[in-house]
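Engineer: Provided below are the primary sequence and the corresponding predicted coordinates.
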Amino acid sequence: MEQILTLAGNNLLSPIILSFALGVAASLARSDLSVPEAAAKALSIYLLFAIGFKGGVSVAAHGIDVKLGLSLLAGVILSAVLPLVAFALLNVITGLSRLDAAAVAAHYGSISIVTFVAATSVLESSGIASEGYMVAVAAAMEAPAILSALWLISRGGDGRRMDSDLWREILLNGSIVLLVGAFLIGWVTGEEGLEEISSFIVAPFKGVLCLFLLDMGLVAGRGLRNGGGVLRPGVLAFGVLMPLIGSAFGLGTGLLLVLSPGGVVLMMVLSASASYIAVPAAMRVALPEANPSIYLTLSLGVTFPFNLTLGIPLYVAVATALTGG
Amino acid sequence: MEQILTLAGNNLLSPIILSFALGVAASLARSDLSVPEAAAKALSIYLLFAIGFKGGVSVAAHGIDVKLGLSLLAGVILSAVLPLVAFALLNVITGLSRLDAAAVAAHYGSISIVTFVAATSVLESSGIASEGYMVAVAAAMEAPAILSALWLISRGGDGRRMDSDLWREILLNGSIVLLVGAFLIGWVTGEEGLEEISSFIVAPFKGVLCLFLLDMGLVAGRGLRNGGGVLRPGVLAFGVLMPLIGSAFGLGTGLLLVLSPGGVVLMMVLSASASYIAVPAAMRVALPEANPSIYLTLSLGVTFPFNLTLGIPLYVAVATALTGG
Amino acid sequence: MEQILTLAGNNLLSPIILSFALGVAASLARSDLSVPEAAAKALSIYLLFAIGFKGGVSVAAHGIDVKLGLSLLAGVILSAVLPLVAFALLNVITGLSRLDAAAVAAHYGSISIVTFVAATSVLESSGIASEGYMVAVAAAMEAPAILSALWLISRGGDGRRMDSDLWREILLNGSIVLLVGAFLIGWVTGEEGLEEISSFIVAPFKGVLCLFLLDMGLVAGRGLRNGGGVLRPGVLAFGVLMPLIGSAFGLGTGLLLVLSPGGVVLMMVLSASASYIAVPAAMRVALPEANPSIYLTLSLGVTFPFNLTLGIPLYVAVATALTGG
Amino acid sequence: MQTHQAKRVEITIEAIMQSRLTDALKKAGVTGFTVLPVLGGSGRSGAWTRSGEIGRAAGMVQVICIIRPERLNGLLDAAFAVVEKHIGVVSVVDCEVLRAERF
Amino acid sequence: MQTHQAKRVEITIEAIMQSRLTDALKKAGVTGFTVLPVLGGSGRSGAWTRSGEIGRAAGMVQVICIIRPERLNGLLDAAFAVVEKHIGVVSVVDCEVLRAERF
Amino acid sequence: MQTHQAKRVEITIEAIMQSRLTDALKKAGVTGFTVLPVLGGSGRSGAWTRSGEIGRAAGMVQVICIIRPERLNGLLDAAFAVVEKHIGVVSVVDCEVLRAERF
Ligand SMILES: Nc1ncnc2c1ncn2[C@@H]1O[C@H](COP(=O)(O)O)[C@@H](O)[C@H]1O
Ligand SMILES: Nc1ncnc2c1ncn2[C@@H]1O[C@H](COP(=O)(O)O)[C@@H](O)[C@H]1O
Ligand SMILES: Nc1ncnc2c1ncn2[C@@H]1O[C@H](COP(=O)(O)O)[C@@H](O)[C@H]1O
Ligand code: NA
Ligand code: NA
Ligand code: NA
């Protein structure tokens, strides 16, 4: 318990979290502080490239693990199953319409790559090892949740067709392609490749993450200010409950696969986190009638900060306790 | 004297100043070289974050000084008083209208954070120490000058109301919020926080500053080309005289507060420099009839380069001579 | 031969080339991955500044060489002559109209600075020295080719006037000004200046180059997808033949000037590469009827990747063999 | 200067729907269009701005299409089929164009 | 396709005045608007461009507002009160819209 | 609110031709214009987008010019001389403006 609190305390007072808090505070106070869209996108490209590359290099270093395939499979299944759990929970504790509930559910099956990045940076600071291929698992978990959600809707008699454009958009969306591409490049070029560019993708990484989280804080704060009204207590509770439930699924999966302590943490984090890039875009195309304020505010304004501040330390504590890591 | 000349020479031939000169030259020659707006804003976010953070870390390292409060207060007073001095001087040596004079005066009470940054980088190269909280003083000096200028106008019978929106915009403008926020983050996380992100905010700092000054040179050169015509000799003279007068006020204040040699230099630099971000925006809202060509060209095209090239070495020489630093 | 293959293999599997390949692949698969325009421009500003600066520092370190002037002159002549060769070749092996052929020819006299940068980074990895002033030669080769192309057209009886605006635009285009300006700054500030900003312009350089090439891959892939249809076999063959011919001219010139092995390589690379920034813009103004799909797709979609992957290792092998470097 | 009657159609639509809209326009015989970026806006579904956004869910674009009057109906039908379930605004203005052979 | 008469109002105004303008429009009962970025321009107060600018003093935006004809006067009064002392241009065009229930 | 008849001219033109166009407009007595960025488009010369581009060859801008009706012909002549050999679209709409003294 004390360990959790120390870790949570350290975590809360890290430059990364405080930068996020600064962004939220500036937004809520209606400061005109803003990061240009192009700069925010550039930061996200940098982070995806760096995290993917480093994951690939780590796989190159440790060799292919038989667990890689199993973990990918497990990720796909988790991503497909969690929306069903989320949908059921939403039906019980909120009064959301079928459409809105399905849209929200899709977000919680998918993942937030920044939450993943923040967790890897906590693991590094704490000296806890993890599998490099968890980055690939993250990529694998982005899309299946969308299919589950659309299936939930079509089950309700509402005949949605997935046009082939949407398929391509989901599977080849920029963040998946960049993450997987950088992962493969890292894998192919290995330690040698990393050495060539490590002063770009390793050394300044945490600092870039601070600026990125400043931006995410600004956007999240704006969302809370504009769309906070749609979050009834039940919906709000879901935003905190669902990551805990998700992380339990992730924990079970991680233990079952006998992942390293860090790998278990990351599996928990992926399961607990909610998408705010790929899934919202897909929902706008496939379920345009669902209210974006609800899913965006919930994912970015509630679950993301929860995982970032309290969730990650908790998952680390639980995983290390149970794996003896 | 020789020392001043050497310092001025070194300063003039630094990559930072030469980058600014390149920008000005390219603009005057009507090259199409340009930095995208989003990139320029991203650079300024980086610089504000880095300078604020480092200031906070330095306060964390040296502990709170009783002088911190006094320096902040002195900054506020300087910022409020200097516009009155500037207004008087403008009335004597230029034929500017009451409105234009008040608008220009507001700029010279406020500060230029890049001039401040350039000065800290000269201090560092010369191994002269300064108080970390001078960053907070810089933030405190941004806004009061605006109020003084509006008071000057309302005294003239022109009943301007400050609407509450404008208040908020001035006090919570992006650069103040980011500077103060990063300062607090640096303070809270201290040396440990700095270590985590120093390869982002310390190592590449000067290089980023070069690119930023390239952009400022481009913008200043464009201003001189388009708006140079409005600068009658009297106005031009003001652009060089006022920083000297301002720096004398800063010098007196710094000596009175018994700041470190570097602290005195920075107080001089803040007093000598003129705003070109926060104040122009406020003037467009509050005094829309004042001619922006005058205050923008004067601040960015005359006083900024003067301080950058000759001013800073002069202030360093005077301050070190008088403090025996 | 084996050496070429090893070098080509190493080169093909470097993070830089793989990043380009990732971009091309993502574009061809119609992923929505994209780098914001402002970010791409910011990356190119960084690269031009860094490469110019480092060239200048290297000249400062090794002193002015009598060959500097000769090399500049040779560059100007190569840039003016190569379009004539290209035009003749185009007339023989393609059915392009006079206008289109002249426009394409202009591109192959001028240079691609990223190809140059990629070559210097291969030279560095292989420990092959080169003259710092080759950067200045690169700048000198940007423009003359445009004049040759316009001369080719006017010879054909089509009376084109070069308006003075166009002259200024060509000679003072942003990339020339930045490259030359940074070169001069590097020259003036020397090793000392480099030390101040090397953790910005040296350490992260290769990593930035990766992201830039990712973007170039995206743009090249898009060009191939949209404009690939205009590339008849003859035109395609030209895109691979012409760099080989150009590099032979560069080789002869480099040997004649008794440049270092690396210098010969760079002279070959400059002669072999084709412009995709300065010349296309000039062609849109001066020869608006020429089809941009042809020259852009050929230069960026065919010749650029050819040089990047196979060309550079070949030029290195030939140059080192013939100079005994 | 000789000018010709035409229609200027302006469709403000979610950025993610852009390619679907322009594909539909092309199918309806539209030969050209121009896409403008949109910074932000407000409507029944609330206010939004692009600043700081990295996702594509929240942005809009403006597609501007200048066409001969006789093609208007085909274009509107095509546009409506795409925007029907989506947020967005379609407006039409009478205009005159130079170089009518281009439309 | 059924269309309806409306007015398209285009207000080019300094970026710093944007929120004041849109607040005034909302008070005047306007239910929606779209904001376009502006790159640069020229007028009596000289030429300007956003390139390389970091401050907010020098930029403009275009606020586009499609409304029912009967609301035009209220909107123009509201807009005028804001732009009165400021630089900027207000223009109105007759247009036709789809889905008139939205305006 | 008192409004006045005017013309709104919209010229979509290659970015590299922008300064040549605006110089020509100024010579034709145009006192003001606004330049909008363009994200992409499609026409007889194919589709294009600015995303990821670093060169200036491939982009377009929209120059918007509000003028008194009697100045229209001069403007169109000036614009035509510039766009003649270049790709681009010129359209004119009748509009009403506030503060007519500015045009
Ligand atoms: N009356 C209007 N005039 C101009 N743009 C509008 C109008 N109504 C809506 N829009 C634009 O369309 C978007 C979606 O509108 P809505 O579907 O009403 O939420 C808004 O954010 C605006 O960008
Ligand atoms: N006639 C016009 N047509 C289009 N835009 C204009 C016109 N006049 C002024 N503007 C825009 O309004 C801004 C301010 O104009 P002004 O108040 O005349 O300096 C200019 O920079 C242009 O962006
Ligand atoms: N009918 C049109 N409506 C709107 N914009 C157009 C139209 N035709 C062409 N454009 C724009 O002008 C550019 C060049 O057109 P074109 O000369 O037909 O290739 C296109 O890329 C579009 O941005
Ligand atoms: Na999840
Ligand atoms: Na000051
Ligand atoms: Na060449």
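Structural biologist: Alright, I've got the coordinates. Ligands and ions are numbered 1, 2, ... in the order given.
Engineer: what helix or strand is A:V57 on?
Structural biologist: Following DSSP states H and E, one finds A:V57 within helix A:37-62.
Engineer: for the record, mean pLDDT for that helix?
Structural biologist: Per-residue pLDDT values across helix A:37-62 average out to 96.
Engineer: how about the nearest residue to A:V59, chain neighbours excluded?
Structural biologist: Spatial nearest neighbour of A:V59, chain neighbours left out: A:G132 (4.5 Å); criterion: CB to CB, 6 or more residues apart in numbering or on different chains. Just so you know, the C-beta spots here come from the backbone N, C-alpha and C atoms, and that holds for glycine as well.
Engineer: quick one: that neighbour from chain D, how far?
Structural biologist: Distance of A:G132 to chain D, computed by CB to the nearest CB, to the nearest Å: 25 Å.
Engineer: do A:T309 as well
Structural biologist: Counting by CB to the nearest CB, the gap from A:T309 to chain D is 20 Å.
Engineer: Surely the residue nearest to A:V59 is in a strand?
Structural biologist: No. When classified by DSSP: H, G, I helix; E, B strand; the rest coil, A:G132 is found to be coil rather than part of a strand.
Engineer: Which residue is the nearest non-sequential neighbour of the residue of the stretch 101-250 of chain A found nearest chain C?
Structural biologist: The nearest approach of the stretch 101-250 of chain A to chain C comes at A:F200, 2.2 Å away (CB to the nearest CB). Closest residue to A:F200 in three dimensions, ignoring its sequence neighbours and counting by CB to CB, 6+ apart: C:G207, at 2.2 Å.
Engineer: for the one you found, what are its contacts?
Structural biologist: Applying CB atoms under 8 Å, 6 or more residues apart in numbering or on different chains, we find C:G207 in contact with A:196-201.
Engineer: Now tabulate those residues in CSV and tack on pLDDT and secondary structure.
Structural biologist: As requested, the contacts of C:G207 are arranged in CSV below (pLDDT from 0 to 100; DSSP: H, G, I helix; E, B strand; the rest coil):
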residue, pLDDT, secondary structure
A:E196, 94, helix
A:I197, 96, helix
A:S198, 96, helix
A:S199, 96, helix
A:F200, 97, helix
A:I201, 97, helix
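Engineer: Chain F: which of those residues is nearest?
Structural biologist: Closest to chain F, out of all of those and judged by CB to the nearest CB, is A:F200, at 19.3 Å.
Engineer: Residue numbers of chain D in contact with ligand 2?
Structural biologist: Listed as neighbours of ligand 2 in chain D under the rule CB under 6 Å from any ligand atom: no residues.
Engineer: least trustworthy helix or strand in chain D by mean pLDDT?
Structural biologist: When the helices and strands of chain D are scored by mean pLDDT, DSSP states H and E, strand D:46-49 comes last with a mean of 90.
Engineer: does that one come close to chain B?
Structural biologist: No. With CB under 8 Å from any CB of the partner chain as the threshold, strand D:46-49 lies outside contact range of chain B, at a closest distance of 14.2 Å.
Engineer: next helix or strand past that strand?
Structural biologist: Following strand D:46-49 toward the C-terminus (DSSP H and E): strand D:60-67.
Engineer: Nearest to chain C within chain D, name that residue for me.
Structural biologist: D:R56 (7.2 Å).
Engineer: Contact partners for the residue nearest to that residue when sequence neighbours are not counted?
Structural biologist: If the residues on either side of it in the chain are set aside, D:R56 comes closest to A:A281, at 4.7 Å by CB to CB, 6+ apart. Listed by CB under 8 Å, 6+ apart, the contact partners of A:A281 are A:169, A:173, D:16, D:55-57.
Engineer: returning to that earlier point: the least confident helix or strand of chain D pairs with which strands?
Structural biologist: Here strand D:46-49 is paired, per DSSP bridges, with strand D:40-43 (antiparallel).
Engineer: what sits up against the strand it pairs with?
Structural biologist: D:12, D:47-51, D:60, D:87, D:89, E:22, E:26, E:31-35, E:102.
Engineer: where does it sit relative to the chain's centre, distance-wise?
Structural biologist: Distance of strand D:40-43 from the chain centroid (CA atoms, centre = their mean, to the nearest Å) equals 16 Å.
Engineer: can you give me the helices in chain D?
Structural biologist: Listed from the start of the chain, chain D has helices (DSSP state H) covering D:18-27, D:72-83.
Engineer: Now the ones you listed in TSV, please, with extra columns for distance to ligand 3.
Structural biologist: Converted to TSV, these look like this (distance: least, CB to the nearest ligand atom, whole Å):
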stretch	distance to ligand 3
helix D:18-27	10
helix D:72-83	10
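Engineer: so which of those comes closest to A:A139?
Structural biologist: Taking CB to CB as the measure, the helices of chain D were each checked against A:A139, and helix D:18-27 came out nearest at 23.4 Å.
Engineer: Send over the closest one as CSV, restricted to the C-alpha atoms.
Structural biologist: These are the backbone C-alpha positions of helix D:18-27, laid out as CSV (Å, rounded to 0.1, in the frame of the first residue of the first chain):
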residue,chain,number,x,y,z
GLN,D,18,-14.1,14.6,-47.5
SER,D,19,-13.0,11.8,-49.7
ARG,D,20,-16.4,10.2,-49.7
LEU,D,21,-17.9,13.5,-50.7
THR,D,22,-15.5,14.2,-53.5
ASP,D,23,-15.8,10.7,-54.8
ALA,D,24,-19.5,11.2,-54.9
LEU,D,25,-19.1,14.5,-56.7
LYS,D,26,-16.8,13.0,-59.3
LYS,D,27,-19.3,10.3,-59.9
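Engineer: right, quick check: that helix against chain E, any contact?
Structural biologist: No. Contact between helix D:18-27 and chain E, assessed by CB under 8 Å from any CB, is absent, since the two come no nearer than 13.2 Å.
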